[in-house]
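> using only what follows, build the 3D model:
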Amino acid sequence: MIPNIEYTIINKSKPDTIILIHGLYASSGYWLEYLKLFKNYKLFILNINYDKYIHLDNSLDRLRSDLLSLPYPRNNSIIISHSLGTVISNFLSQKLEFLSFEICPVYIAKRINSEMFINDINGNMKKSKTSVKNKLTSVDNFLLSMRTTIDSKISFYIPKSDQYFNYDNSLLNSYFFLGDHYKISEALKIILSKAK
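From the prediction side, this is the model:
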């Protein structure tokens, strides 16, 4: 395992693979409530320590190198990612030519209600408001350095009501779902129906 990225494989005998990538202030445990939706797939679930990459020297080069060194299943694999994880899936879809289904893609969005987000993280995770503000600044700088590319292997899933972001929904391959930034079960159902 790479110290800043861990992975778990579930349903190893299934032929089709879904790579799951969580967002900021989350972990691989984010996907637990959705596991029943993926019962017919092998799951390759990443657990990324975003803090380490955001604050490391040469963090972007290190992140790219670490991501490319993981033993992804290469046959019949797709990526499903959420929020900040969409930046990772964008990179992987370019390098490894996987189809990428990106839910709440923050790199094509503008943050709104920053104070509400900070208060929510403070209340739910007991993180200080100052540390959350500092992390958001670091994440903004990190996103600027990532230089994402959009191509036909990427589909965007945008909630009809997101309390934290406004998305550029003019892009091709954009789909709307009922839910918000964290309630994504409808998006996952739509993605799985297309992945068949």
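> going by C-alpha atoms from here, please, whenever you check contacts or count neighbours.
Will do.
> check what pLDDT the residue most central in space within the chain gets.
Geometric centre of the chain, nearest residue: Gly85, 2.1 Å, by CA atoms, centre = their mean. For Gly85, the pLDDT comes out at 95.
> next, count neighbours for Ser77.
21 (other CA atoms under 10 Å).
> now it, nearest residue through space, not along the chain?
Thr17 (4.5 Å; CA to CA, 6 or more residues apart in numbering).
> okay, helices next: where are they in this protein?
With helices called from DSSP state H, the chain shows them at 50-55, 59-68, 85-96, 114-125, 129-146, 185-195.
> helices or strands up against the third one?
Okay, so that is helix 85-96. Where contact means 3 or more CA pairs under 8 Å, 6 or more residues apart in numbering; DSSP states H and E, helix 85-96 is packed against strand 17-21, strand 77-82, strand 99-103.
> ok, Glu97 to Asn90 distance?
10 Å (CA to CA, to the nearest Å).
> Ile150 too?
8 Å.
> so the two - more neighbours on which side?
Ranked by neighbour count (other CA under 10 Å), Ile150 and Asn90 place Asn90 first, with 28 against 14.
> so that one touches Thr148, yeah?
Yes - shown here, Asn90 and Thr148 form a contact pair, counting by CA atoms under 8 Å, at 6.8 Å.
> so what sits against both of those two?
The contact sets of Asn90 and Thr148 do not overlap (CA atoms under 8 Å, 6 or more residues apart in numbering).
> so where's this structure uncertain?
Low-confidence segments of the chain, defined by pLDDT under 70: 1-2, 56-58, 147, 196.
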